[in-house]
Each structure stands twice: as structure tokens, then as C-alpha cells.
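>>> Predicted coordinates and the sequence they were generated for:
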Amino acid sequence: MRVSRVPLLLLLFPLTACSNMTDTRTPNPQTVSVLTQHNDNTRSGWNSNETVLTTSNVNVQQFGALFSLPVDDHVYAQPLVVGHVAIGSTYRNVVYVATVNNTVYAYDGDDGRLYWERNFTAPGMRPPRASDMTGACGGTYRDFAGNIGIVGTPVIDATSQVIYFVARSTTGLGYLQDLHAVSITNGSDVAGAVHIFATVPGTGDGSVNNLVAFDSQKENQRQALTLVNGTVYVTFASHCDWGPFHGWIIGYDAATLQQRVVYNDTPNGYAGGLWESGMGMAADAQGTLYVVTGDGTVGDGGTPASLTNRGESALKLTPSGSTLQVASYFTPANYQVANDSDLDYGTMGALLIPNSNYFLTGAKDGNLYLLDRDNMGAWVSGANQVQQVYTLNPSANLHCQAAYYQGTTKEFVFVWSENDVLRAIPFDRGSNLLDRTGEIDFTAGGPTGQSGAVLSVSSNGSKEGTGILWASYAFSGDAEHGVTPGILRAFDATDVTKELWNNRQNLSRDSAGTYAKFSPPTIADGHVYLPTFSNKVVVYGLR
């Protein structure tokens with residue numbers, strides 16, 4: 001274990017000094033928190049407690065950019081918000097922003113005042129860069145534009161007031177990935193930091209003496225972190241399928257950062273990365289985890305149904321001692337074709353439909369898969385024995401993030417892939433199926449290049465006139481291998497044919513900067529926090 005550096009950049013407005021100051025600013029009456037990627041462990045992306053923003057006032061006359069939060073590099077992680085944080089003599093809403101330069105910022109979410117900032121690069125090292133991934137994409141790796149520091153969205157425990165995240169460092173030869181636990185009030189270390197490393201028994205790719213070891217250079221910490229029942233879970237994929245790599249889930253005690261859980265999804269095979277377009281693993285209250293793996297080995301010993309090696313699969317995982325056990329799974333019948341054609345499973349962020357037993361996933365082949373999370377369907381030759389397969393445009397590669405909303409009479413799953421329309425698909429509680437006959441589409445333009453749209457939803461419960469779908473995507477070009485202009489759009493969540501606002505209606509005032517790939521807008525306390533690759537988070541609200 002390594003103790004991180006004491007904050008050196010403290011503080012434009014130190015929290016430790018606030019206790020002796022009188023804060024005359026009027027507190028925001030809303031104090032909603034967004035503590036994890038896409039709002040909660042269902043990954044629905046829905047803030048159902050937004051009391052200010054409505055379908056009537058989100059328009060170009062009343063709504064727009066208020067201010068920006070400057071940062072030192074690109075923002076791949078979704079900004080998180082903690083409401084009602086004690087700051088001096090009052091309580092404030094604080095937004096936390098992490099960058100690929102390994103810097104974390106704590107800003108006032110209502111007026112942009114900086115409370116603290118701190119860089120978490122290991123002493124004597126620097127953040128890795130895309131150019132350090134020398135074997136990725138045949139030596140032409142461009143999935144990142146530069147630094148690869150903090151990428152996966154952190155997670156916050158509001159009770160203990162701790163933020164958890166993974167920072168990456170290198171000398172150019174050696175590589176570290178460190179899990180940090182830091183106070184949200186001043187950026188100080190709560191439990192030091194721990195170097196991430198693990199081994200599992202196996203004969204898979206890169207194994208030595210029947211052990212597979214974690215590789216700090218090749219493993220890409222892309223998914224958001226998941227906190228459930230006192231365990232912080234960190235997951236890994238790859239850089240452009242540069243092997244040897246595997247899909248890892250490593251769990252740490254949230255209080256001590258002691259390693260509790262190690263799971264490798266292809267110990268006797270290869271690949272199986274976990275990334276889901278940046279969304280975190282879903283989880284239920286019992287601590288069961290739900291995740292989708294990318295291309296890789298399926299089965300073991302010539303048996304595709306073996307629970308060992310589960311690439312190309314949706315997994316239900318339950319804690320079992322120091323590892324995880326596959327309690328249920330689904331692998332598409334055509335997994336080998338998908339593997340060979342780079343149409344792998346696990347691209348679209350997956351979500352648990354709230355208050356149901358169903359898990360929605362997607363693949364590059366343009367199919368949505370609705371799964372019974374207790375009986376996902378396993379692998380069956382020539383058939384997909386799942387709750388439902390919902391086919392979109394064949395060119396819809398689903399590099400996107402779905403979201404969910406429940407109104408007074410209908411509930412919708414929203415999906416907006418590249419090369420496809422925005423789809424609001426009803427979920428029918430009577431049949432427990434997605435209802436194609438009731439689907440509502442927005443067809444007047446959308447993302448044509450990767451990565452599709454990342455979506456969030458806000459509403460005041462199911463109150464009419466408050467449901468808003470927010471969509472961020474690359475306005476032009478392809479964001480897979482380049483930095484592109486971004487657009488933020490707002491739609492009536494009950495009828496997505498009605499666009500309420502977009503930032504290009506008054507571009508000089510409301511510019512969204514460059515698109516932050518796989519990082520959705522965060523809606524909290526009457527504001528929309530939009531991450532960018534323009535070294536800032538743009539904050540929108542009523543003007």
C-alpha cells in the first residue's frame with residue numbers, strides 16, 4: 001500500500017478555512033446527489049427528483065449556459081454531485097470532476113466556486129498516454145487523444161464522505177493503476193491508495209506457471225466503479241484488443257481498501273473485456289452484480305456452456321468467498337460469428353429495468369437483448385432463449401448508453417445508437433416485453449459516427465410536464481478516433497418527437513465544446529453538467 005501525496009494545489013477556497021467564515025450566498029433549495037455513474041446501481045440514468053427544470057422552461061429563451069468549470073484535461077468520467085455538503089457556515093451542492101491528467105476537482109455546483117483540486121499521479125511518474133500503448137491497434141492507437149489517467153467514473157459514499165477512483169501512472173517503462181479513497185470535503189486521503197494487482201489460477205493468454213496475472217499497462221479501467229454493500233468493484237477491459245488481456249473484476253473493502261474479491265472471466269482463454277461504453281456494472285440490493293463481457297473465449301474444454309471462460313456473455317455474478325460465481329448467464333447463439341466479425345456483445349451500457357426482474361443489454365449487431373436476470377437464457381446452439389430480442393437498424397453498432405423513465409401512464413427505455421433514430425421504447429408490465437407498436441422515434445438527425453448518444457433523464461417524479469430526456473453526442477465526425485464538436489439536446493421524455501432545446505440554437509452562448517466520449521450529462525439541482533474534451537464542464541440552467 002502507498003500513501004498518496006498531501007495536496008499541494010490546495011486551495012483557491014480552502015474548505016478547512018471555511019469554518020471561520022460566514023457564507024452569505026443563498027443555498028439552493030434542491031440538494032439532490034448523483035453519487036455514481038447514471039445515478040444509481042440500476043444504471044437507469046434517471047434523476048426523478050428534479051423540481052426546477054420542466055418541459056415548459058427548458059427552451060432557448062429561458063435555458064442555456066450559465067458558467068463553466070475549468071479543468072486541466074479531457075473529462076471521460078461523468079461528473080458526480082453531492083448535495084448538502086457542509087461548507088463553512090452553510091451547506092452547498094458540490095460537483096466532482098476527474099480528468100485524464102489524474103486531477104480531481106471539487107466545485108460549487110451552483111456558482112462554480114472552486115473548493116479544492118488535487119493531482120493523483122504517483123510521485124516521479126506521469127499519466128500514461130495513447131502513445132504508450134505501443135501494440136494497440138497495430139501501433140496506431142487513437143481511442144484516446146492523449147493522457148489516460150482517471151477514465152472510469154468514480155463512485156461516492158455520501159455517508160462516509162469518500163470518493164473512490166482509479167488513477168494511472170507510468171515512468172514510460174513501468175505502469176501503475178492505483179485505487180484511491182479520498183475525502184470529498186478536502187481531497188485528503190482516507191485510506192491511502194493501493195496498487196491494483198491480482199492473479200488467478202489458469203492456463204489462459206499470458207499465463208505463467210498456470211497463473212494469469214493482471215497487467216497494469218494493457219488493462220483499461222474504462223467502466224465506472226461500483227459500490228455495493230461495503231465493497232468497491234473495479235473492472236477492466238483492454239486497449240484496442242491488445243493482448244494478452246482478460247476481463248477482471250476486483251473488489252476492495254470500502255473502509256480499508258483491502259482486496260476482497262478477484263474474478264477473471266477468461267482464466268483459461270483470452271479477452272472478455274468489461275467496458276459497456278463506460279457504464280458501471282449494475283447491482284441489486286443483495287450485492288449481486290450484472291455485467292456484459294466483450295469478445296473472447298466462450299466455454300472451456302470444447303464445451304461452450306462451461307461456466308469457465310464467459311466472453312461474449314451477460315453475467316449475473318454473486319459473491320462467493322474471495323471470488324464471484326456465475327449464477328446465470330446468456331451468450332448469443334452466434335457468438336463465434338460475432339467474435340470473428342467484431343460484432344461483439346457488451347458495447348451498449350446495460351441497465352436493470354427498475355422494479356422489475358429484467359436486464360437490458362445490447363450488441364454491435366444492432367440487437368437489444370431483454371433478459372430475465374434470474375434465468376438469462378444460457379447458451380443454446382441455434383437459438384436465443386431470452387425474454388426478447390429487439391432488432392434495431394443493422395448498422396446500429398450500439399456504442400451508446402441507454403436510459404429509463406417512468407411517467408404517469410407509460411415507462412420508456414431510450415436508445416440512440418449511431419446510424420439510427422432516437423427510440424423511446426415502452427416497457428409493458430403486463431407482458432414484460434418491449435412494445436414495438438408503441439415505440440416513439442425522433443428521426444430529424446442524430447449521431448452518424450461513433451459513439452452514438454449518451455443519455456440521461458430528469459423529472460419531478462411522474463409529474464406531467466417534467467420528464468426531459470438529455471442527449472449528448474458528436475455533432476459531426478466520428479469520435480472513436482478523433483476529437484469532435486459536441487451537441488447537447490433536450491426532448492420531452494413522454495414524446496421524443498418534441499425537441500425542447502439544443503445548444504446550437506444559440507451557439508455563441510451555449511456551446512457544448514468538444515464531445516466527451518461515453519460521458520453523459522449529469523442533471524442535479526436545476527443544473528445540467530456537461531463534460532467535454534475542451535478542458536471544462538459546461539453548466540446549463542435557467543437564465
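All right, it came through fine. Numbers count the residues shown, from 1 in each chain.

>>> Return the distance of the host helix or strand of A86 from the chain's centre.
According to DSSP states H and E, A86 maps onto strand 80-87. Strand 80-87 sits 21 Å away from the centroid of its parent chain (CA atoms, centre = their mean, to the nearest Å).

>>> Flag every buried residue along that strand.
80-85, 87 (16 or more other CB atoms under 10 Å). Every residue, glycine included, has its C-beta placed from N, CA and C.

>>> Where is pLDDT lowest across those residues?
Here the lowest pLDDT out of those sits on I87, with 81.

>>> what's in contact with the strand holding A86?
15, 18, 23, 30-36, 91-96, 108-109, 115, 153-156, 158, 161, 163, 184-185, 522, 524-525, 529 (CB atoms under 8 Å, 6 or more residues apart in numbering).

>>> Generate the PyMOL command that creates a selection of the buried members of the residues you listed.
To isolate in PyMOL the members of those that are buried, counting by 16+ other CB under 10 Å, one can use:
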select buried, resi 15+18+30+31+32+33+34+35+36+92+93+94+95+96+108+109+115+153+154+155+156+161+163+184+185+522+524+525+529
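
>>> Strands of the stretch 101-250 of the chain, start to end?
103-108, 114-119, 155-157, 162-170, 175-183, 189-195, 199-201, 211-213, 226-228, 231-236, 248-253 (DSSP state E, counting those that start in this stretch).

>>> Counting neighbours, what do you get for Y175?
Using other CB atoms under 10 Å, Y175 has 17 neighbouring residues.

>>> wait, doesn't it sit right on R129?
No. Using CB atoms under 8 Å, Y175 makes no contact with R129, being 11.5 Å away.

>>> Mind checking which residue lies nearest the centre of this structure?
M279 (2.9 Å; CA atoms, centre = their mean).

>>> Tell me the confidence at that one?
The model's pLDDT for M279 equals 97.

>>> ok, the residue nearest to it when sequence neighbours are not counted to G465 distance?
Distances taken as CB to CB, 6 or more residues apart in numbering place G349 nearest to M279, at 3.0 Å, with adjacent residues excluded. For G349, the distance to G465 equals 28 Å [CB to CB, to the nearest Å].

>>> From the neighbour counts alone, determine which of the two ranks first.
Higher neighbour count among G349 and G465: G349, with 33 against 13, using other CB under 10 Å.

>>> wait, the more buried one sits on R43?
Yes. Assessed by CB under 8 Å, G349 is found in contact with R43 at 6.3 Å.

>>> Next, show the common contact partners of the two.
Common contact partners of G349 and R43 (CB under 8 Å, 6+ apart): M279.

>>> low-confidence ranges in the protein?
1-22 (pLDDT under 70).

>>> As a check, name the ranges of all helices in it.
Counting by DSSP state H, one finds helices in the chain at the ranges 15-18, 335-340, 507-510.

>>> And the contacts of the second one?
Put plainly, it is helix 335-340. Residues outside helix 335-340 that contact it (CB under 8 Å, 6+ apart) are 295-296, 298, 304, 311-312, 332, 343-345, 363-365, 379.

>>> Nearest to S417 among those?
Distance to S417 across those (CB to CB) is lowest for K364, with 9.7 Å.

>>> surely that closest one meets N397?
Yes. With contacts counted by CB under 8 Å, K364 reaches N397, the gap being 4.7 Å.

>>> Please enumerate the shared neighbours of these two.
T347.

>>> Who has more neighbours out of the two?
Neighbour count, other CB under 10 Å: between K364 and N397, N397 has more, with 25 against 21.

>>> Pull the contacting residues for the more buried one.
Neighbour list for N397: 347, 364, 366, 417-419, 450, 452 [criterion: CB under 8 Å, 6+ apart].

>>> Dump those residues to JSON lines, plus distance to L179.
Converted to JSON lines, these look like this (distance: CB to CB, whole Å):
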{"residue": "T347", "distance to L179": "26"}
{"residue": "K364", "distance to L179": "30"}
{"residue": "G366", "distance to L179": "36"}
{"residue": "S417", "distance to L179": "32"}
{"residue": "E418", "distance to L179": "33"}
{"residue": "N419", "distance to L179": "37"}
{"residue": "Q450", "distance to L179": "29"}
{"residue": "G452", "distance to L179": "30"}
